[in-house]
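*Asks:* coords please:
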Amino acid sequence: MSSHFLPEFELPVWMNQGEVAKLAASARAFFSMLGDWAAWPVTQMDPATCGVRVLNLIAWQRDITRFDTEPLDLFRLRVKYAYANARDAGSVAGFKRIFQRLGIGYIEIEERMEGQDWDVINIRVSDSQLAENTTLMNTLVQHYGRTCRRYGWATITKINMEIHLVEFSNDYDTTNAVWEE
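*Replies:* Numbering: from 1, shown residues only. A predicted model of the protein is given here:
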């Protein structure tokens, strides 16, 4: 909160000078500061803007643990979306939404592949996603993955291809020829 939330008031001309004007300015500054103090607890409940110590308390409340080398902005995102991620855990579409919320990007999930055990789930991501977010993705699988399932990683490689279409028309004539020697 700041002084622009306080209503403007104008003193009459004969009072808008000297000690009365100083008293009015001091009262405005005091009540602005009082408003800032009163609004502080409300601003601390937002994981995107709160202090780090309060963020750690909110994270503990939401069962989020910061892993080593995790950037603060990513930790704030994980804390912010903890409830939504917990709600989405367990389904393929929900798991994809978890990865998108945290900025990992596009993923593919395959379940019950032929020739593999029924409890194996393959998560396919690009090799750059896997290299940049290995610890985060392992943490997400551990925290939001299905119980009694095994997860594996597979990489998707983007390849640019060109296909040229060319018309090819030809006539065929077959005749039976007998060769004698």
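
*Asks:* contacting residues for Ile121?
*Replies:* Going by Cβ atoms under 8 Å, 6 or more residues apart in numbering, Ile121 touches Ile109, Glu110, Glu111, Gly145, Arg146, Arg149, Arg150, Tyr151, Gly152. Every C-beta, even on glycine, is put in place using the N, C-alpha and C of the backbone.

*Asks:* Just the ones in helices from these, please.
*Replies:* Of the positions in the contacts of Ile121, not one sits in helices, assigned by DSSP state H.

*Asks:* Among the residues you listed, which one lies nearest to Ile98?
*Replies:* Nearest to Ile98 among the contacts of Ile121: Gly145, at 10.1 Å, using Cβ to Cβ.

*Asks:* The closest one touches Asn138, doesn't it?
*Replies:* No. Using Cβ atoms under 8 Å, Gly145 is not in contact with Asn138, being 9.8 Å away.

*Asks:* Neighbour count for the two, which is higher?
*Replies:* Gly145 (17 against 14; other Cβ atoms under 10 Å).

*Asks:* Quick check: bridge partners of the nearest residue to that one once chain neighbours are set aside?
*Replies:* Sequence neighbours aside, Tyr151 is the residue nearest to Gly145 in space, at 5.8 Å (criterion: Cβ to Cβ, 6 or more residues apart in numbering). In this entry, Tyr151 is beta-bridged to Ile121, by DSSP bridges.

*Asks:* need the helices for this structure, in chain order.
*Replies:* Using DSSP H, helices in the chain cover 18-43, 52-61, 72-80, 82-88, 92-101, 127-132, 134-144.

*Asks:* Buried residues, the third one. List them.
*Replies:* So that's helix 72-80. Across helix 72-80, burial judged by 16 or more other Cβ atoms under 10 Å covers Phe75, Arg76, Leu77, Arg78, Val79, Lys80.

*Asks:* And the furthest pair within those?
*Replies:* Phe75 and Lys80 (9.6 Å).

*Asks:* In contact with the most centrally placed residue in the chain, which residues?
*Replies:* The centre of the chain sits closest to Leu102, judged by Cα atoms, centre = their mean, with a distance of 2.1 Å. Residues in contact with Leu102, defined by Cβ under 8 Å, 6+ apart, are Leu74, Leu77, Arg78, Tyr81, Leu136, Leu140.

*Asks:* and of those, the nearest to Arg53?
*Replies:* Closest to Arg53, out of all of these and judged by Cβ to Cβ, is Arg78, at 16.9 Å.
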